[in-house]
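Student: using only what follows, build the 3D model:
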Amino acid sequence: MIFSNLPPRPPMSLKAEAYARVCVNLSRLAAMTTRTSLDVPYGPDPWQAVDIYRPQADHDHLLPVFLNIHGGAWTHGHKEWMGFGAPPVVAAPAIYVSVSYRLAPEHKYPVALDDCLDALAWVWRNIAWYGGDPDRIFVGGHSAGGQLSSLMALRRDLVARRGLPAGVIKACFPYSGVYDMTYDAGGGRRELVDMCVGLISGTDHAREASPLHWTEGNTIPFHVSWGDIDNPYCLAQAPEFVARLKAQPGRVETLVLPGFDHFWIHLDQQRAENPWTRTLLAWMTGDPETAPVYGM
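Tutor: Model prediction:
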């Protein structure tokens with residue numbers, strides 16, 4: 001796994017460091033028990049790579065694909081934080097792709113978003129070689145990855161600029177995401193300001209980087225989830241983001257997980273019985289416009 005060769009990052013909080021260690025170790029186990037293609041480049045930079053997890057046996061038809069994008073306040077993290085979520089998806093059966101992207105503060109907005117869109121374009125053009133269906137691509141992400149995956153779904157102009165068809169993303173699954181990057185964005189303002197300083201340059205970029213301001217005309221189904229003891233800015237922003245999405249034509253569903261904080265909402269995705277995972281699989285293997293939603 002390529003993460004061991006990446007430049008070191010500054011230390012995070014003790015809780016975040018513990019979470020990261022658990023993610024990496026669980027992802028190592030997932031890679032040992034799943035058929036994988038690791039460190040597949042979608043660009044020239046070492047950070048521009050994906051890990052692909054797929055069923056042990058080949059199938060006579062192409063399988064749906066899920067791109068999961070890591071968090072880490074845009075300054076930390078890599079695709080090896082996400083691999084542990086692959087086994088229940090692969091068992092569906094489906095294809096699971098974890099994405100790395102270049103990080104702030106060395107790379108400010110919109111570099112991370114551009115990387116994720118380039119990864120989407122690479123997957124659309126190449127995933128059939130791995131047994132995936134380019135016409136059934138789903139995206140999601142945790143925390144900063146929630147912001148990035150939401151923008152991928154909502155920024156139809158940026159998707160079209162890469163030569164991708166309209167509706168290439170069949171549904172979006174952000175969880176514990178950041179949806180308003182402006183400096184006056186609701187609860188947890190101080191923490192959000194501190195995170196955004198390394199990522200964006202001024203208020204114009206802050207608004208441009210905010211999924212909440214790009215919902216108009218959306219038709220892509222969204223499933224937005226957060227924990228009831230999540231970070232303050234997540235608790236403040238998610239309901240407003242959902243309200244704006246619901247004013248548009250696309251389907252919108254929500255899941256608030258009781259007793260889950262900002263990290264456990266992600267770590268619990270390794271369980272096939274997790275309601276977020278069950279809903280994701282139902283939408284991937286059925287019609288995302290009508291497939292069921294599971295709750296706690």
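Student: could you pull out the helices for the stretch 151-296 of the chain?
Tutor: Taking DSSP state H, counting those that start in this stretch to define them, one finds helices in the stretch 151-296 of the chain at 156-161, 189-196, 202-208, 232-246, 264-267, 275-285.
Student: between those helices, which one is closest to P110.
Tutor: Nearest of the helices of the stretch 151-296 of the chain to P110, taken as C-beta to C-beta: helix 202-208 at 7.6 Å. In short, each C-beta sits where N, CA and C put it, glycine included.
Student: buried residues in that closest one?
Tutor: In terms of neighbour count (16 or more other C-beta atoms under 10 Å), helix 202-208 has its buried residues at H205, A206, E208.
Student: pLDDT value on P11, please?
Tutor: You'll see P11 listed with a pLDDT of 87.
Student: could the buried residues of helix 202-208 be laid out in TSV, adding pLDDT and distance to A57?
Tutor: Formatted as TSV, the buried residues of helix 202-208 follow (pLDDT from 0 to 100; distance: C-beta to C-beta, whole Å):
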residue	pLDDT	distance to A57
H205	82	46
A206	85	47
E208	93	44
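Student: okay, Y294 and W264: tell me how far apart.
Tutor: Y294 sits 17 Å away from W264 when distances are taken as C-beta to C-beta, to the nearest Å.
Student: picking that back up, worst mean pLDDT among the helices of the stretch 151-296 of the chain?
Tutor: helix 189-196 (a mean of 64).
Student: hang on, the earlier thing: between the helices of the stretch 151-296 of the chain, which one is nearest to T182?
Tutor: That would be helix 202-208 among the helices of the stretch 151-296 of the chain, by C-beta to C-beta, at 4.7 Å.
Student: packing partners for the top helix by length along the chain?
Tutor: Determined from DSSP state H, the single longest helix within the chain is helix 14-33. Judged by 3 or more C-beta pairs under 8 Å, 6 or more residues apart in numbering; DSSP states H and E, the packing partners of helix 14-33 are strand 49-54, helix 86-90, helix 264-267.
Student: most tightly packed of these?
Tutor: strand 49-54 (a mean of 25; mean count of other C-beta atoms under 10 Å).
Student: partners of that one in the sheet?
Tutor: Strands adjacent to strand 49-54 in the sheet, as given by DSSP bridges, are strand 35-41 (antiparallel), strand 95-99 (antiparallel).
Student: what are the contacting residues of it?
Tutor: Strand 49-54 is contacted from outside by 1-2, 30-31, 34-42, 63, 67, 79-80, 82-83, 86-87, 89-90, 95-100, 119, 122-123, 127, 130-132, using C-beta atoms under 8 Å, 6 or more residues apart in numbering.
Student: and the next helix or strand past it?
Tutor: strand 63-69 (DSSP states H and E).
Student: can you report how many residues lie near the closest residue to I229 other than its chain neighbours?
Tutor: Using C-beta to C-beta, 6 or more residues apart in numbering and skipping residues adjacent in sequence, the residue nearest I229 is D261, 4.9 Å away. The local packing of D261 (other C-beta atoms under 10 Å) involves 19 other residues.
Student: just V24 next, same as before
Tutor: Residues near V24, counting by other C-beta under 10 Å, number 17.
Student: pLDDT score for the nearest residue to it once chain neighbours are set aside?
Tutor: With C-beta to C-beta, 6+ apart as the criterion, V24 has its nearest non-adjacent residue at 5.3 Å, and that residue is E80. E80 is assigned a pLDDT of 96 by the prediction.
Student: could you tell me which residues make contact with F66?
Tutor: Contacts of F66 (C-beta under 8 Å, 6+ apart): V89, A94, I95, Y96, V97, F138, V139, G140, F173, L280, M284.
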